[in-house]
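A.B. asks: quick one, fold the following:
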Amino acid sequence: MPEIKHDIATTYLNSLQSEKIPPLFFIWGEDFLCKKVFETVISFLLPGNLKDFGYELLEGEEAVVPVIMERLCTYSFFQERRVVAIKNAPLFTAATSSSIHGFNKHNLENLMQLIEKGFPENHYLVITSSTADKRRALFNTIKSRGIAFDCTVPQGSTKADKDEQAGLLHLAMKDILDRTGKGIDGDAFQSLTDMTGFDPVALNDNLERLTSFIGTRDRITLKDVQAVVKRTKKDAVFELTNAVAQKNLDSALFYYKSLCDSGFHPLQLLASIVNQMRKVLVVKAFVVDQAQRGNTCWRKGGQSYQQFTGNTIPFVTNADLNLQDLLRQWNEETEKSHADRASNLDEISEPDSNNGTSDSKNGKGKKRISADKKSVPAKKGTADKKITTDLAIASGSKSMYPVYQTFLKSDNFRLDELASIMMELSDLDYRFKSSSDEYPAIVLEEMIIRICTGSIHK
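C.D. replies: Model prediction:
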């Protein structure tokens, strides 16, 4: 059976014919989505009042493999169809741990054998899990005999990932508000997601609390969110580096304090800021160079992403290729220089084994190696080898959107300003690593303020 994405679960189930319904349904991924697909599967298998007699959800001490197998092989007195379900089963955490009661290696091997053998007719097993390891034999066995519903959501920071995360949060919001008959203002929802981050469960809990808090009122406002919700979001480092590169002082200081409170050392945060500012410097140098050549492939402000991909990226690609050629040429010249120096060492003097002296006239006591020495052959594929460098703008990027964002950030700085920033960040890195500063957090905070306020000059 195939793997099915959560958003087409209902459509896929409705397409199944009754005689072709697989005996096993495995649902893994984001908890909120798993619950929705789980309810859809149960309703599909046991529509109407069939759930009253043919459904058994195992929880607590009964939610273990031996009990699952026993109940699957037990016939119902009331109706033919029987569904056994278990939520959040640790199927794929048990392979490396024998301490999980009821899900050790032996238990899982027995479950695999039962799945391969087949359940009694009209008996079905529905399992949810937070994770799945597609490399394991258990997952392949589940796929071969049943349906695997993928409820995962990308955790990355690309635009596509963010859009999918936002879509899920809106789905979670709609699920609660439709059920309660309440609404929420746009700024209130934005504040709520800013405080919880991508956490559908926390969002769900907070919306439940907010709907109770507002009582008879029909809309949740920003003041309600500020009064009820506490910040639980764990800020990512890129939030800080983006704020610094955008010269957004309030956001930069907010995320800096949040990350420090979360246990990040200032040296870690400094390294991330250095990496971000280096990218901005490389882009700014490219923009300035192109402008000096009379090329307006990038216009400061107002350039759309579509214009960027059409007008700017071809020049960026060409610049990255030229950089690769230059670095490859330097490598080849360096290797040739080393080979030339080695070839000049054509003789090695050694004491004569007979009298312990050397005779320079007759050449005795010298071991000549120039005739036997072979030139070192060039490494195969040197001309085609791609050289890794952090000076490239877009080389190796899977998406051009982050590169576009870096170009936008470069508009906030002058080239000489960026050069000065990099010099001061380098000095700060040395100071931190040499332990010459007693309060690195305060020193880095001061540096962030100076970058964001444009107080660093050449």
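A.B. asks: can we go C-alpha only for contacts and neighbour counts from here?
C.D. replies: Noted.
A.B. asks: reduced to three states, what does Ile4 come out as?
C.D. replies: Counting by DSSP: H, G, I helix; E, B strand; the rest coil, the backbone at Ile4 sits in strand.
A.B. asks: report the next helix or strand after the helix or strand of the chain with the lowest mean pLDDT in sequence order.
C.D. replies: Lowest by mean pLDDT, DSSP states H and E among the helices and strands of the chain is strand 366-368, with a mean of 46. Sequence-wise, the next helix or strand downstream of strand 366-368 (DSSP states H and E) is helix 401-410.
A.B. asks: which helices and strands sit right next to that following helix?
C.D. replies: Helices and strands touching helix 401-410, by 3 or more CA pairs under 8 Å, 6 or more residues apart in numbering; DSSP states H and E, are helix 266-292.
A.B. asks: I'd like the distance between the residue sitting nearest the centre point of the chain and His170.
C.D. replies: Most central in the chain under CA atoms, centre = their mean is Gly156, positioned 3.9 Å from the mean C-alpha point. Remark: distance between Gly156 and His170 (CA to CA, to the nearest Å) = 18 Å.
A.B. asks: ditto for His338
C.D. replies: 62 Å.
A.B. asks: neighbour-wise, which of the two wins?
C.D. replies: His170 (15 against 12; other CA atoms under 10 Å).
A.B. asks: who does the host helix or strand of that one touch, helix- and strand-wise?
C.D. replies: In this assignment (DSSP H and E), His170 forms part of helix 159-180. Using 3+ CA pairs under 8 Å, 6+ apart, the elements in contact with helix 159-180 are helix 200-213.
A.B. asks: flag every buried residue along the helix holding His170.
C.D. replies: Residues of helix 159-180 classed as buried: 162, 165-166, 168-169, 172-174, 176-177 (neighbour count, 16 or more other CA atoms under 10 Å).
A.B. asks: list the contacts of whichever helix or strand comes after it.
C.D. replies: Remark: after helix 159-180, the chain's next helix or strand is strand 183-184, criterion DSSP H and E. By CA atoms under 8 Å, 6 or more residues apart in numbering, the surrounding residues in contact with strand 183-184 are 177, 218-221.
A.B. asks: quick one: mean pLDDT over strand 183-184.
C.D. replies: The predicted model gives strand 183-184 an average pLDDT of 92.
A.B. asks: which strands and helices sit next to the very next helix or strand once past it?
C.D. replies: Remark: after strand 183-184, the chain's next helix or strand is helix 186-196, criterion DSSP H and E. Judged by 3+ CA pairs under 8 Å, 6+ apart, the packing partners of helix 186-196 are helix 200-213, helix 222-228.
A.B. asks: how far away from the center of its chain is helix 186-196?
C.D. replies: Chain-centre distance of helix 186-196: 23 Å, with CA atoms, centre = their mean, to the nearest Å.
A.B. asks: so it versus helix 159-180, what angle?
C.D. replies: Calculated by axes from the mean of the first three to the mean of the last three CA atoms, to 10 degrees, helix 186-196 forms an angle of 110 degrees with helix 159-180.
A.B. asks: what's next to helix 186-196, contact-wise?
C.D. replies: By CA under 8 Å, 6+ apart, helix 186-196 touches 202-203, 220-225, 229-233.
A.B. asks: could you give the angle of that helix to helix 200-213?
C.D. replies: Using the same axes, to 10 degrees: helix 186-196 against helix 200-213 is 130 degrees.
A.B. asks: list the buried residues in the biggest helix by length in the chain.
C.D. replies: Assignment by DSSP state H gives helix 313-344 as the longest helix of the chain. Residues of helix 313-344 classed as buried by neighbour count (16+ other CA under 10 Å): 313, 315-316, 319-320, 323-325, 327-328, 332.
A.B. asks: isn't Ala63 right up against Ile86?
C.D. replies: Yes: at 6.4 Å, Ala63 counts as touching Ile86 under the criterion of CA atoms under 8 Å.
A.B. asks: quick one: the longest helix of the chain to helix 401-410, angle?
C.D. replies: Using the same axes, to 10 degrees: helix 313-344 against helix 401-410 is 90 degrees.
A.B. asks: shaky segments in this structure?
C.D. replies: Within the chain, the stretches with pLDDT under 70 are 1, 18-19, 77-78, 94-100, 157, 234-235, 342-390, 396-398, 436-437, 458.
A.B. asks: could you break it into its assigned domains?
C.D. replies: 3-151, 159-228, 235-332+386-458 (automatic domain parsing).
A.B. asks: need the distance between the two termini of the first one.
C.D. replies: Read that as domain 3-151. Domain 3-151 end-to-end distance (CA to CA) = 10 Å.
A.B. asks: now that domain: how far from the chain's centre is it?
C.D. replies: 29 Å.
A.B. asks: stretch 414-434 too?
C.D. replies: For stretch 414-434, the distance to the chain centre is 28 Å (CA atoms, centre = their mean).
A.B. asks: just the C-alphas of that stretch, formatted as PDB.
C.D. replies: Provided in PDB are the C-alpha atoms of stretch 414-434 (Å, rounded to 0.1, in the frame of the first residue of the first chain):
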ATOM      1  CA  ARG A 414      27.200  50.500   3.000                       C
ATOM      2  CA  LEU A 415      30.100  48.400   1.900                       C
ATOM      3  CA  ASP A 416      32.700  50.200   4.100                       C
ATOM      4  CA  GLU A 417      30.300  49.900   7.000                       C
ATOM      5  CA  LEU A 418      30.100  46.100   6.500                       C
ATOM      6  CA  ALA A 419      33.800  45.800   6.300                       C
ATOM      7  CA  SER A 420      34.100  47.700   9.600                       C
ATOM      8  CA  ILE A 421      31.500  45.500  11.200                       C
ATOM      9  CA  MET A 422      33.300  42.300  10.200                       C
ATOM     10  CA  MET A 423      36.600  43.700  11.600                       C
ATOM     11  CA  GLU A 424      34.900  44.500  15.000                       C
ATOM     12  CA  LEU A 425      33.100  41.200  15.100                       C
ATOM     13  CA  SER A 426      36.500  39.400  14.400                       C
ATOM     14  CA  ASP A 427      38.100  41.400  17.300                       C
ATOM     15  CA  LEU A 428      35.100  40.500  19.500                       C
ATOM     16  CA  ASP A 429      35.500  36.800  18.700                       C
ATOM     17  CA  TYR A 430      39.200  36.900  19.700                       C
ATOM     18  CA  ARG A 431      38.300  38.700  23.000                       C
ATOM     19  CA  PHE A 432      35.600  36.100  23.800                       C
ATOM     20  CA  LYS A 433      37.900  33.100  23.100                       C
ATOM     21  CA  SER A 434      40.800  34.600  25.000                       C
END
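A.B. asks: and the contacts of strand 183-184, which of them are buried?
C.D. replies: Buried, going by 16+ other CA under 10 Å: 177, 219-221, out of those.
A.B. asks: what bridges to Ile4?
C.D. replies: Phe149 (DSSP bridges).
A.B. asks: re the thing from before, which one is the residue nearest to the centre of the chain nearest to, not counting chain neighbours?
C.D. replies: Using CA to CA, 6 or more residues apart in numbering and skipping residues adjacent in sequence, the residue nearest Gly156 is Lys162, 7.3 Å away.
A.B. asks: do Gln276 as well
C.D. replies: Thr241 (6.3 Å).
A.B. asks: tell me which residues touch the one you found, please.
C.D. replies: By CA under 8 Å, 6+ apart, the contact set of Thr241 is 252, 272-273, 276.
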